[in-house]
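Engineer: 3D, please:
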Amino acid sequence: MFDAKNTTIVFLLAVIVYFIRDRRLTRFNASLRNVIQTNDHYLPPQTVHEKLKAHSAQFNKAEIIEVTDGVFVAIGYALANSIIIEGSTSLIVVDTMESLESAQKARQDFIAATPKHVHSKPVSHVIYTHYHPDHTWGTSAWIDDEHHTPTIMSHARTLKEMTRVFSISASITNIRSMRQFGPLLHEYDQMHLHAHAHDHDHGEHAHDFHSGMYKQDAMEDVNHSWIDFNDEYNQFSNVFENSGIGPFLLSGPRWSRSLHLPTKLLTQEINELRIDGVAMKIVHAPGETADQIFIYLTEKRVLLPADNIYRTYPNIYAIRGSPTRDARDWTRSLDKMRALQPAPLIMVPGHTRPVYGEHEIQQLLTVYRDGISYTHDQTIRYMNNGLTPDEMIPLIHENMPLRLKHHPYLQEFYGTVDWSVRGIFHSYLGWFSGDAADLFPLTKTDSGNRLFELLKGDTDYLLGVIRQHVSGGDGDENGVNSVDRNSCQWGLKLATELLHSSKLNGDERKIAKDLRITALQCMASFMTSANGRNYYLTSALEDITNSKITLFDSLKEFGVNSVPLDQVIAMLRVRLRVETVPEAYKNFSVCHDLHHVWYYLDIREGVIEAFKGYDASYTETDDTIKRLNREAYIDREISRQDCHENAVIVTLCEEQVFRDAVAQTKTTPAMLFAAGKFKIIKGKITEMLKFKEMFEKQ
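Structural biologist: Predicted coordinates for the structure are as follows:
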């Protein structure tokens, strides 16, 4: 036991360590997100492909549209749409956007656009068409009484998919999402709105939605009620254009989010329901996600296809990082929609605008499924002929039927044929191309060093080659600049390879880095895909500022506090930094006793096995929690006595204290210990702190 003097010393040390950490993180964050809020100009105005610029018209006005009697869609408030259905005595909300601010503003505008007898009805049901955060994180905006929440429905598979968002690959998926969707570029534009010339004249309307939402004083009002979402002068600026399937993704510490887990899980393939007088058919339709559902309002003949169709080429593989979507499942799901009887008269997708007319919808569903089927089937054909993705991609582009190649719903504003082919190939054959030369690729550092040696250290020559490929110099004898996308790609590859070499001097490294940044912007200029453009430009911003994107604290807290404890423990298994584990801790054990439930972590040379025990008062509150806990794969049980006796360290605290100790955002285990909230009843606090340092901070 620590006496009062030692406890005071530990407390003071904890406070000092915390504030040192806080100052260090403040500087670190300033080089990431906060850097774009300064007056420094890192990225100049960028070239936007004309097709992508025109695509912004799909959602550059935030509005509530009544598509038919009693069915409304909110477009332009966030990455995804929300659909509001009027029942006899209540409202049914399908998908809730990615932030409370967007959802709150959509609800405010819905109230303004509808008579009181419509908008005054309470929300009785929320339906998630799938697990993606842009469809599920704004739910609290539609809940007026947290003690009487709506029934929240989804497919049963949604819970399994949610576990990946919060635990298994949460860190890297969020980081790569920031690059793909471009929220930092969007924020950069708003911070520099008046700092450079724009193609668009904001004039006296500079305080529209896109410029006003990021102003610091707007944060004083969580609703941002003074922002005019419907300003006709609302325009995009010159670095960020859009997010492909929506105007933007609101992601960052400025924005609020909520997570309400489903309370009613749909386990049947087809569910025929009548919710508050509204007849509907909810059908499991795996496509963009495995848990996807579509909703058909049978009497109104309105189809809500979710994310299985939108006005852009489908995202069969997402560069933010996800398993390749099953193209055959996707086409089968679209065929289910084509077979609906009576056929839909109106289609309201989860992204982009509604479609009207039975013939138009049938034709569109057919073309979209054919576009997916063509890419899948030809990939398999060429794969079986021994071609690699690099070899087959040009052929698949060249031979694509014109009715598909030129269709407005198959333009590459979001997904691309190239990424789809690579994803499909990988889903069938894995990472190996089939070429023996690819079995054991060199590390990037080794490849860069060998490139350096190949040129006998003549970096000036290589830098000149890169410069020519990314800027074109003076052009050919006719003055025509020869830079095209492939030229930019070659320059980007060479610059990246060279930067991985350990043999460059400081000046050479700076030149190579500047050329890589130029190459990234060059590649972005050729992109019709917002995903590709945003990824290139965000990567350029990272390189320019010498920074990397990391998770912000409020998102860490959100993740740790939104899932059952079993999932929090599961996070620890995949965050053990094996290379930093001291010799004395390679075979180690900890028991975390949270009163009604306890967890035993057995570390065996780089692997953590988790055990769980609980007393008679512990209950898994509902089927949702049970399903989420099963996905944590903590199957072995242990008694409290064995947990305490077998562990080297035993901690005792309340559940929320344990979550705070894991998140380490507002406090640390040392501070919690000093405050008497995090007790060490076996072992020493110093051992616990060493144990904590063995895990990733993300």
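Engineer: from now on I want contacts and neighbour counts done on CA atoms only, so please keep to that.
Structural biologist: Fine.
Engineer: tell me how far Val152 lies from Asp622.
Structural biologist: Val isn't right for residue 152; it's Ile. Computed as CA to CA, to the nearest Å, the Ile152 to Asp622 distance reads 13 Å.
Engineer: which of these two has more neighbours?
Structural biologist: Ile152 (20 against 9; other CA atoms under 10 Å).
Engineer: just the element for that one, please.
Structural biologist: strand 151-155 (DSSP states H and E).
Engineer: need the contact partners of that strand.
Structural biologist: Outside strand 151-155, the residues that touch it by CA atoms under 8 Å, 6 or more residues apart in numbering are 124-130, 260-267, 284, 291-293.
Engineer: okay, which residue is most central for this structure?
Structural biologist: By CA atoms, centre = their mean, the chain has its centre lying nearest to Ser177, at 4.1 Å.
Engineer: assess the claim that that residue and Gly252 are in contact.
Structural biologist: No - with contact defined as CA atoms under 8 Å, Ser177 does not reach Gly252; the gap is 11.6 Å.
Engineer: can I get stretch 353-361 in CSV, CA atoms only?
Structural biologist: This file holds the C-alpha atoms of stretch 353-361, laid out as CSV (Å, rounded to 0.1, in the frame of the first residue of the first chain):
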residue,chain,number,x,y,z
ARG,A,353,-30.6,12.5,-56.3
PRO,A,354,-34.0,10.7,-56.7
VAL,A,355,-35.0,9.1,-60.0
TYR,A,356,-38.6,9.2,-61.3
GLY,A,357,-40.4,6.9,-63.8
GLU,A,358,-40.9,3.1,-64.0
HIS,A,359,-39.1,2.8,-67.3
GLU,A,360,-36.2,5.1,-66.2
ILE,A,361,-35.7,3.1,-63.0
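Engineer: and that stretch, what's its mean pLDDT?
Structural biologist: Taken as a whole, stretch 353-361 carries a mean pLDDT of 98.
Engineer: show me where the stretch 301-450 of the chain has its helices.
Structural biologist: 327-338, 358-384, 389-399, 402-405, 417-429, 444-454 (DSSP state H, counting those that start in this stretch).
Engineer: which members of the contacts of strand 151-155 are positioned in helices?
Structural biologist: The subset of the contacts of strand 151-155 located in helices under the criterion DSSP state H is empty.
Engineer: select only the buried ones of these in PyMOL?
Structural biologist: In PyMOL, this line selects whichever of the contacts of strand 151-155 come out buried by 16 or more other CA atoms under 10 Å:
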select buried, resi 124+125+126+127+128+129+130+261+262+263+265+266+284+291+292+293
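Engineer: take the contacts of strand 151-155 and keep only those in strands.
Structural biologist: Ser124, His125, Val126, Ile127, Lys264, Leu265, Leu266, His284, Ile293 (DSSP state E).
Engineer: and the furthest pair within the residues you listed?
Structural biologist: Spatial extent of the ones in strands among the contacts of strand 151-155 (CA to CA) is set by the pair Ser124 and His284 at 21.9 Å.
Engineer: list the buried residues in stretch 493-506.
Structural biologist: Buried, per 16+ other CA under 10 Å, within stretch 493-506: Leu494, Ala495, Thr496, Glu497, Leu498, Leu499, His500, Ser501, Lys503, Leu504.
Engineer: could you check the pLDDT of the fifth one?
Structural biologist: Among the per-residue scores, Leu498 holds a pLDDT of 93.
Engineer: surely it meets Leu451?
Structural biologist: Yes - here Leu498 reaches Leu451: they are 7.3 Å apart, a contact under CA under 8 Å.
Engineer: distance check, Thr550 against Glu542.
Structural biologist: 11 Å.
Engineer: what's the local residue count around Arg403?
Structural biologist: Neighbours of Arg403 using other CA under 10 Å come to 12.
Engineer: what's the answer for Gln341, then?
Structural biologist: Neighbour number of Gln341 under other CA under 10 Å is 9.
Engineer: got the contact list for the closest residue to Met383 other than its chain neighbours?
Structural biologist: Leaving out its chain neighbours, the residue that sits closest to Met383 by CA to CA, 6 or more residues apart in numbering is Phe425, at 7.2 Å. Contact partners of Phe425, counting by CA under 8 Å, 6+ apart, are Thr379, Ile380, Met383, Pro389.
Engineer: format these as JSON lines; extra columns: neighbour count, distance to Val367 and pLDDT.
Structural biologist: Below are the contacts of Phe425 laid out as JSON lines (neighbours: other CA atoms under 10 Å; distance: CA to CA, whole Å; pLDDT from 0 to 100):
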{"residue": "Thr379", "neighbour count": "25", "distance to Val367": "18", "pLDDT": "98"}
{"residue": "Ile380", "neighbour count": "18", "distance to Val367": "20", "pLDDT": "98"}
{"residue": "Met383", "neighbour count": "20", "distance to Val367": "24", "pLDDT": "97"}
{"residue": "Pro389", "neighbour count": "21", "distance to Val367": "24", "pLDDT": "96"}
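Engineer: ok, the residues you listed vs Ile172, which is closest?
Structural biologist: Pro389 (25.0 Å).
Engineer: ok, now how distant is that closest one from Phe673?
Structural biologist: Pro389 sits 55 Å away from Phe673, going by CA to CA.
Engineer: all strands for the stretch 451-600 of the chain, in order.
Structural biologist: Taking DSSP state E, counting those that start in this stretch as the criterion, the stretch 451-600 of the chain contains strands spanning 587-593, 597-604.
Engineer: quick one: those as TSV, columns for mean pLDDT, distance to Ser333 and mean neighbour count too.
Structural biologist: As requested, these are arranged in TSV below (pLDDT from 0 to 100; distance: least, CA to CA, whole Å; neighbours: other CA atoms under 10 Å):
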stretch	mean pLDDT	distance to Ser333	mean neighbour count
strand 587-593	96	45	22
strand 597-604	96	42	21
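Engineer: right, so of the ones you listed, which gets closest to Leu303?
Structural biologist: That would be strand 597-604 among these, by CA to CA, at 45.4 Å.
Engineer: after that closest one, which helix or strand is next? Please name it.
Structural biologist: Criterion used, DSSP H and E; the element after strand 597-604 is strand 607-614.
Engineer: so which elements touch that following strand?
Structural biologist: For strand 607-614, the elements it packs on are helix 565-573, strand 597-604, strand 636-637, judged by 3 or more CA pairs under 8 Å, 6 or more residues apart in numbering; DSSP states H and E.
Engineer: so which of those comes closest to Glu693?
Structural biologist: For the helices and strands packed on strand 607-614, the distance to Glu693 is smallest for helix 565-573, at 11.9 Å, taking CA to CA.
Engineer: all set, thanks.
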